[in-house]
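Visitor: I would like the atomic coordinates for the input below:
(one chain, ligands or ions: 2)
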Amino acid sequence: MTRAPPATRRQGRRSGEEPLTEHLVDPRAPRDLKAFVAGLPKAELHVHHVGSASPRIVSELAARHPDSKVPTDPAALVDYFSFTDFAHFIEVYLSVVDLIRTPEDVRLLTYEVARDLARQQVRYAELTITPFSSTRRGIDERAFMDAIEDARKSAEADFGTVLRWCFDIPGEAGLEAAEETTRLATDDRLRPEGLVSFGLGGPEVGVPRPQFKPYFDRAIAAGLHSVPHAGETTGPETVWDALTHLRAERIGHGTSSAQDPKLLAHLAEHRIPLEVCPTSNIATRAVRTLDEHPIKEFAEAGVVVTINSDDPPMFGTDLDNEYAVAARLLDLDERGLAELAKNAVEASFLDAAGKARINEEIDTYTAGWLDR
Ligand SMILES: O=C(O)c1cccc(C(=O)CC[C@H]2O[C@@H](n3cnc4c(=O)[nH]cnc43)[C@H](O)[C@@H]2O)c1
Ligand SMILES: [Zn+2]
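Guide: Ligands and ions are numbered 1, 2, ... in the order given. Predicted structure coming up:
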């Protein structure tokens, strides 16, 4: 018998409601959960713009820029995208950032990322973009914003996938990057229509969160939601800092939260979702093996778990695979997977009508699958 642990049930229950009955696997023949996931409407909340460049796009851009050390052969990229530690991941990540040199590169990348998301039935995604990394490399800021907005509108029209932006500060680049990112995110003459949230990425070691409080205060005052990375490569104190100093509404990764029962209880009580990216944590060596990943502790503590792919081509994964990983680690059936998908919809910054639309699609799809 397979049960969906409490936290993977839809978290939208008002307090005092009867708890949902346990999801029991139908005694009929085991179903192909991967096929179910492939057709399941989904939302993705933690996925990076440059980190989502497909091998085809990366190799095409590398061929345009022979001075780059990034391989032009997609097969050679697989080895290039294997990391010895988190610092090595960032080094490789920045070598791909260096390939994005023109507004057309930005537009092509963004539109193709949306195509890949749509292929996985992603109806809505909040794509994390680091504008500082592109403007400091010479891309005009107005042209950058126009490129991502043009791709966003084209993708919605062509694929039906709704994209929104999270602008993040590359923390290791310091307060200069914080100031520039905040300016780009809050200047009404520049901020793109699709911008909904404000984040903090890059290495956490040696990059204390409290220093970024003034910048998050300005972003929140401008109506943006706070979604910093924390607890990915450092301890639970970084997650506490993100909550108390940066007023985080969601936490990117939050992996080390499992080391602090009080933090788990706080996240569960206040329904602060974790943007869990299982394979990312293995690829960057933040977690040793999937079986050691704390996602089950999160679920059993009642924390809102959302499933995400982070930098899928770099980690040799995609969102569908991350759902399959979650199904194995959380011992889920189709209903449990549908509830995970709804967790992401509920934790998103999409408007109520949009959430209702995707949730209804998830329910209709799941009912149809189970009744087939
Ligand atoms: O752009 C620069 O000039 C620059 C200078 C110093 C440091 C940096 C960065 O650290 C950029 C990091 C970059 O990585 C993105 N990212 C993607 N996946 C993850 C992740 O799992 N954890 C943390 N950061 C991640 C992040 O959005 C930054 O843009 C840049
Ligand atoms: Zn990330």
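Visitor: Going by C-alpha atoms from here, please, whenever you check contacts or count neighbours.
Guide: Noted.
Visitor: Any idea how many residues pack against Pro170?
Guide: 22 (other CA atoms under 10 Å).
Visitor: what do you get for Asp150?
Guide: 14.
Visitor: Report the contact partners of the closest residue to it other than its chain neighbours.
Guide: Leaving out its chain neighbours, the residue that sits closest to Asp150 by CA to CA, 6 or more residues apart in numbering is Arg107, at 7.2 Å. Counting by CA atoms under 8 Å, 6 or more residues apart in numbering, Arg107 touches 147-148, 150-151.
Visitor: Could you dump those into JSON lines with pLDDT, secondary structure and distance to Thr279 added?
Guide: Formatted as JSON lines, these follow (pLDDT from 0 to 100; DSSP: H, G, I helix; E, B strand; the rest coil; distance: CA to CA, whole Å):
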{"residue": "Ala147", "pLDDT": "98", "secondary structure": "helix", "distance to Thr279": "30"}
{"residue": "Ile148", "pLDDT": "98", "secondary structure": "helix", "distance to Thr279": "27"}
{"residue": "Asp150", "pLDDT": "98", "secondary structure": "helix", "distance to Thr279": "31"}
{"residue": "Ala151", "pLDDT": "98", "secondary structure": "helix", "distance to Thr279": "28"}
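Visitor: List buried residues within these.
Guide: 147-148, 151 (16 or more other CA atoms under 10 Å).
Visitor: of all those, which comes closest to Glu249?
Guide: Ile148 (24.5 Å; CA to CA).
Visitor: would Ala286 count as being in a strand?
Guide: No - under DSSP: H, G, I helix; E, B strand; the rest coil, Ala286 sits outside any strand and is assigned coil.
Visitor: Tell me the backbone dihedrals of the closest residue to it other than its chain neighbours, please.
Guide: Leaving aside its sequence neighbours, Ala286 sits nearest to Thr233 (CA to CA, 6+ apart; 5.7 Å). The phi/psi pair for Thr233 (degrees, to the nearest 10) reads phi -120, psi 10.
Visitor: quick one: Thr233 and Ser309, what's the gap?
Guide: 17 Å (CA to CA, to the nearest Å).
Visitor: Neighbour count for the two, which is higher?
Guide: Neighbour count, other CA under 10 Å: between Thr233 and Ser309, Ser309 has more, with 29 against 21.
Visitor: Now for that one: which residues touch it?
Guide: Each residue near Ser309 by CA under 8 Å, 6+ apart is listed here: 46-47, 277-280, 317-319, 322.
Visitor: circling back to that earlier point, any idea whether the residue nearest to Asp150 is helix, strand or coil?
Guide: Under three-state DSSP, the three-state class of Arg107 is helix.
Visitor: what number of residues lie near Lys213?
Guide: Applying other CA under 10 Å, we find 16 residues neighbouring Lys213.
Visitor: Hmm, it is touching Thr244, no?
Guide: No - contact criterion CA atoms under 8 Å: Lys213 and Thr244 do not qualify, at 9.4 Å.
Visitor: Take the contacts of Arg107 and write them to CSV, including distance to ligand 1.
Guide: CSV is the format used below for the contacts of Arg107 (distance: CA to the nearest ligand atom, whole Å):
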residue, distance to ligand 1
Ala147, 18
Ile148, 16
Asp150, 21
Ala151, 19
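Visitor: between those residues, which is closest to Ile169?
Guide: Among these, and counting by CA to CA, the member closest to Ile169 is Ile148, at 17.5 Å.
Visitor: Would you quantify the distance from that closest one to Ala155?
Guide: Separation of Ile148 from Ala155 (CA to CA): 10 Å.
Visitor: name the element the spatially most central residue of the chain belongs to?
Guide: Nearest to the geometric centre of the chain sits His46, at 0.8 Å (CA atoms, centre = their mean). If you go by DSSP states H and E, His46 is part of strand 42-48.
Visitor: Contacts only, for the residue nearest to Gln259 when sequence neighbours are not counted.
Guide: Of all residues not flanking Gln259 in the chain, Pro236 sits nearest, at 6.7 Å (CA to CA, 6+ apart). Counting by CA under 8 Å, 6+ apart, Pro236 touches 254, 256-260, 263.
Visitor: Check what pLDDT Pro236 gets.
Guide: With respect to pLDDT, Pro236 scores 98.
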